[in-house]
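# coords please:
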Amino acid sequence: MSTQKKIARIVSPSRSANILSDETVAIATETLAGLNIQCNFAKHYIHQSDTTAQLIKDKAQDLNEAYADPNVALILSTIGGHNANRILEHLDWETIRAQPKPLCGYSDITVLLNAIYAKTGEITFLGPHFSSFGMQQGFAYTLKHFEHALLRGTDYVLDVSETWSDDLWFIDQTRRQFIKNAGPVIVNPGSCEGTILGGNLCSFNLLQGTQYMPDLTGALLFLEEDNLLGELTLTEFERNLQSLLSHRGAEHIQGLMIGRFQKDSKVELNDLVEILRSFEQLEHCPVVCNLDFGHTTPIFTVPIGGRCQINAHKETVSIKVSPYISGSTE
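Okay, here's the model as predicted:
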């Protein structure tokens, strides 16, 4: 890893940073400094506009300026939300293509990660938000995989966290609740290699039928669903997945990796496995669920557009990732 300090621009293309406490911001900034990453904040990091039309333009301006600034080496989303897809038509795609740099986030940021890859061929990263770095306990696994993916630039293996949590850590960091991790569950055994695409399933599906949807041919899909609105059911996941598997090119996917569901979703592993096995479109490829990514913590980081090798046999799952940091001169 280079000893030269990297500058990370913190942008808010979904929700505003005003949702974050001063303590969370301070801890996140300090944690990233420990990785030799200096944070600076976009002009509209805290949303300022009173009108939706101007807000969309402000968000796009911040992302465009982050890509245009030669001093910025990394872009981190503040947090997720619900309408990042509204800024796609306002992005400066020529600049993004000419001055590529890694963008990292998850949830609603899924649309930006996959759209940028589809439009430019440049790698983005499905991983923690800036706000995630404000976590004091249970963050070592997330931090390790972020560092492997974005700072080392070498192949790495996704190991399994010992415990996980779905508590409101940002409200009370002293009373965390951790659950022993049951580990990956193999739905369909097999081996494959493919290009990583995906993220939050309902967000990813927003790209269908647009110029921003990446080609699914040869894809190794990493998909997860959130229950932030308290409305997720197994039936909702089932129909969202069917929509994606009906998309052009989906018949040529290489594999499907499913992230861990939140506790309040009430999605039982046995029921999930039964639903996944009912999809004839998945019979040809490895399918694994209950992996360490999504809206629980901790999470690993994977490159959207990077390569991945999966070996899932008997009770053993091996996931090897090959990242490529776009625009890197190191």
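# can we go C-alpha only for contacts and neighbour counts from here?
Will do.
# need the strands for the stretch 51-200 of the chain, in chain order.
74-77, 103-105, 124-126, 156-157, 163-164, 179-180, 185-188, 190-200 (DSSP state E, counting those that start in this stretch).
# how about these, which one is nearest residue 140?
Of all those, strand 163-164 sits nearest to residue 140, with 11.2 Å by CA to CA.
# I'd like the average pLDDT over the closest one.
The average pLDDT within strand 163-164 is 97.
# kindly report the same for stretch 257-272.
Mean per-residue pLDDT for stretch 257-272: 92.
# using CSV, lay out the strands of the stretch 51-200 of the chain together with mean neighbour count.
Formatted as CSV, those follow (neighbours: other CA atoms under 10 Å):
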stretch, mean neighbour count
strand 74-77, 24
strand 103-105, 29
strand 124-126, 30
strand 156-157, 16
strand 163-164, 19
strand 179-180, 10
strand 185-188, 22
strand 190-200, 23
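# in TSV, list those strands along with distance to residue 272.
What follows is these, written out as TSV (distance: least, CA to CA, whole Å):
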stretch	distance to residue 272
strand 74-77	30
strand 103-105	26
strand 124-126	23
strand 156-157	25
strand 163-164	19
strand 179-180	19
strand 185-188	9
strand 190-200	17
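# give the buried residues for the longest helix along the chain.
Counting by DSSP state H, the longest helix found in the chain is helix 52-68. For helix 52-68, burial by neighbour count (16 or more other CA atoms under 10 Å) applies to 55-68.
# do you know how far the spatially most central residue of the chain is from residue 173?
Centroid-nearest residue in the chain, with CA atoms, centre = their mean: residue 126, separated by 2.7 Å. Distance of residue 126 to residue 173, given as CA to CA, to the nearest Å: 24 Å.
# residues contacting the residue nearest to the centre of the chain?
104-106, 110, 113, 199, 301-304 (CA atoms under 8 Å, 6 or more residues apart in numbering).
# how about the helices in the protein?
Using DSSP H, helices in the chain cover 22-33, 52-68, 93-98, 110-120, 140-147, 201-204, 234-245, 269-277.
# out of those, which is closest to residue 319?
Across the helices of the chain, residue 319 has its closest neighbour in helix 140-147 (12.7 Å, CA to CA).
# and that closest one with helix 22-33, angle?
50 degrees (axes from the mean of the first three to the mean of the last three CA atoms, to 10 degrees).
# buried sites along helix 140-147?
Under the neighbour-count criterion of 16+ other CA under 10 Å, helix 140-147 has 141-143, 145-146 buried.
# next: stretch 204-214.
Neighbour-count burial for stretch 204-214 [16+ other CA under 10 Å]: 204-205, 207, 212-214.
# and the average pLDDT for that stretch is what?
97.
# repeat for stretch 5-18
In this model, stretch 5-18 has an average pLDDT of 96.
# contacts for it?
By CA under 8 Å, 6+ apart, stretch 5-18 touches 36-42, 44-47, 59-60, 62-63, 66, 71-84, 87, 108-109, 130.
# how long is it end to end?
27 Å.
# how far away is the nearest residue to residue 134 once chain neighbours are set aside from residue 131?
Nearest residue to residue 134, sequence neighbours excluded (CA to CA, 6 or more residues apart in numbering): residue 28, at 4.0 Å. Remark: distance between residue 28 and residue 131 (CA to CA) = 6 Å.
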